[in-house]
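Student: Build me a model from this:
(2 chains)
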Amino acid sequence: DAGITQSPRHKVTETGTPVTLRCHQTENHRYMYWYRQDPGHGLRLIHYSYGVKDTDKGEVSDGYSVSRSKTEDFLLTLESATSSQTSVYFCAISYTNSSTNEKLFFGSGTQLSVL
Amino acid sequence: KNEVEQSPQNLTAQEGEFITINCSYSVGISALHWLQQHPGGGIVSLFMLSSGKKKHGRLIATINIQEKHSSLHITASHPRDSAVYICAAPGSGAQKLVFGQGTRLTINP
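Tutor: Reported below is the predicted structural model:
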């Protein structure tokens, strides 16, 4: 599992409150990603990071911000949660091994409900 | 329009049947991923392939770069193969994957 842990696993919050999800990895991989998964849609990229303090937007980045102050942690923040952000959030990492095969690992997901 | 399309969206079969799930993509790619998501929600990478065929146990993945098409086959299917199977290909940026909507496979005993 490449040592990925997401926290919390479940969260219920109210509209307008800030929420931070944490993704932690233990193997110092460079690339980390935040996705959301909704019925009728494939996994959609919110933000990704290619190093400490190096981040970029994905296709559904509005309403989300990220930070990566350490290699091992990639934080996703909803500054003011809305009901449309109710979703399952997945963190992922990728790396290329010595055989030039790209490896992709996902965290266990966070079920976020915004009421 | 999603750049990655999967078919079928849902597939129900009897134990032992040979299963094929298809993935078509509209962008030129260097590699394609097949993932498995179990009912509990966890996502596991099955294959990354850039040409030809890969096999792992009863799972076989093939890709035809010219036709922009990949297939995932399961031989001697078993109820424990019931899951959502997802393909993903690089999108506009090298590190941005575009995911298909998934194929929900149910294998009945």
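
Student: Single out the residue in chain B that lies closest to chain A.
Tutor: B:F99 (3.5 Å; CB to the nearest CB). Where C-beta positions appear, they are placed from N, C-alpha and C, glycine not excepted.

Student: check contacts around that residue.
Tutor: A:G42, A:L43, A:R44, B:V4, B:I86, B:C87, B:A88 (CB atoms under 8 Å, 6 or more residues apart in numbering or on different chains).

Student: For stretch B:34-48, which residues meet the burial criterion?
Tutor: Residues of stretch B:34-48 classed as buried: B:W34, B:L35, B:Q36, B:Q37, B:I43, B:S45, B:L46, B:F47, B:M48 (neighbour count, 16 or more other CB atoms under 10 Å in any protein chain shown).

Student: now could you export just the CA positions of it as PDB?
Tutor: As requested, C-alpha coordinates have been extracted for stretch B:34-48 and formatted as PDB (Å, rounded to 0.1, in the frame of the first residue of the first chain):
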ATOM      1  CA  TRP B  34      -6.400  -0.900 -14.800                       C
ATOM      2  CA  LEU B  35      -7.700  -0.600 -11.200                       C
ATOM      3  CA  GLN B  36     -10.100  -2.600  -9.000                       C
ATOM      4  CA  GLN B  37     -12.400  -1.100  -6.400                       C
ATOM      5  CA  HIS B  38     -14.000  -3.500  -4.000                       C
ATOM      6  CA  PRO B  39     -17.300  -3.000  -2.300                       C
ATOM      7  CA  GLY B  40     -15.500  -1.700   0.700                       C
ATOM      8  CA  GLY B  41     -14.200   1.200  -1.400                       C
ATOM      9  CA  GLY B  42     -10.500   0.500  -1.500                       C
ATOM     10  CA  ILE B  43      -8.800   1.000  -4.900                       C
ATOM     11  CA  VAL B  44      -6.000  -1.300  -6.000                       C
ATOM     12  CA  SER B  45      -3.900  -1.000  -9.100                       C
ATOM     13  CA  LEU B  46      -4.000  -4.200 -11.200                       C
ATOM     14  CA  PHE B  47      -1.900  -3.400 -14.200                       C
ATOM     15  CA  MET B  48       0.000  -0.600 -16.000                       C
END
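
Student: Show me what that stretch is in contact with.
Tutor: With CB under 8 Å, 6+ apart as the criterion, stretch B:34-48 contacts A:88, A:90, A:92, A:101-106, A:108-109, B:23, B:31-33, B:49, B:54, B:56, B:59, B:61, B:70, B:72, B:82-88, B:102.

Student: In ChimeraX, select just the buried ones from these.
Tutor: Those of the contacts of stretch B:34-48 that count as buried under 16+ other CB under 10 Å are selected in ChimeraX with:
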select /A:90,92,102,104,105,106,108,109 /B:23,31,32,33,49,54,59,61,70,72,82,83,84,85,86,87,88,102
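
Student: What about the contacts of stretch B:34-48, which are in helices?
Tutor: Within the contacts of stretch B:34-48, no residue falls in helices by DSSP state H.

Student: What does A:S84 show for phi and psi?
Tutor: Here is the backbone geometry of A:S84 (degrees, to the nearest 10): phi -70, psi -10.

Student: Tell me which strands the least confident helix or strand in chain B by mean pLDDT pairs with, and in which orientation.
Tutor: Within chain B, confidence by mean pLDDT, DSSP states H and E is lowest for strand B:97-99 among all helices and strands, at a mean of 88. In the sheet, strand B:97-99 lines up against strand B:83-90 (antiparallel) (DSSP bridges).

Student: If anything else comes up later, I'll come back, but that's it for now.
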